[in-house]
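Engineer: sequence and predicted structure below; questions after.
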Amino acid sequence: MERIEPTRALALKVWWAFLWRSVVFACLAGFAVGFLFALAAIVLKLPPDVISAVSGLFGVILGALLSIEAMYRILKASPFIDQAVILVPLAISCPNCKYEGQPADGRNRLLALLLFLIGIIPGLIYWLLTSVRKCPNCGFKHVKQVLFSS
């Protein structure tokens, strides 16, 4: 299988496939859910501030779920005529010990969560300054990403 390097045109195709599906799903779901919330508000005689808070929270959750569904459909359907979006396992090549295979996680997730809970700035500093991947054999952090061949 030949690897196709990402281009701006290919990124635009994937983005557009995602965007239009997300917008269509969101509009249809927003109309249906908004109609149901309006009916519930009339029947239960809820105050507008309660309806606003609940519908806003529900809209964020529903939007996230629908965007995940849109991305799933793009990955599953491969809507591109001359290309397909595929997921391949990540592999690394370590120039230090010559290891090739699956990387180890270079970040301490518990520490990252703790720093983000303390504040966004300490969490971001840790996240940006630590390596995402490292060699599981020698711990070298400047590994090269390669396509997994097996």
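Structural biologist: That came in fine, so what should we check first?
Engineer: centroid-nearest residue for the chain?
Structural biologist: Central residue of the chain (CA atoms, centre = their mean): Ile68, 8.0 Å from the mean position.
Engineer: just give the number of residues close to the residue nearest to Cys94 when sequence neighbours are not counted.
Structural biologist: Here the nearest residue to Cys94 in space, its sequence neighbours aside, is Cys135; by CB to CB, 6 or more residues apart in numbering that works out to 4.0 Å. Just so you know, the C-beta spots here come from the backbone N, C-alpha and C atoms, and that holds for glycine as well. Residues contacting Cys135 under the criterion other CB atoms under 10 Å number 23.
Engineer: now do the same contact list for Cys135.
Structural biologist: Cys135 makes contact with 92, 94, 96-97, 99, 103-104, 141, 143, according to CB atoms under 8 Å, 6 or more residues apart in numbering.
Engineer: so where's this protein uncertain?
Structural biologist: Scanning the chain for pLDDT under 70 picks out 1-3, 78-85, 87, 148-150.
Engineer: so which bits of the helix or strand containing the residue nearest to the centre of the chain are buried?
Structural biologist: Element membership of Ile68, judged by DSSP states H and E, is helix 48-77. Neighbour-count burial for helix 48-77, with 16 or more other CB atoms under 10 Å as criterion, is recorded at 55, 59, 62, 66-67, 70-71, 74.
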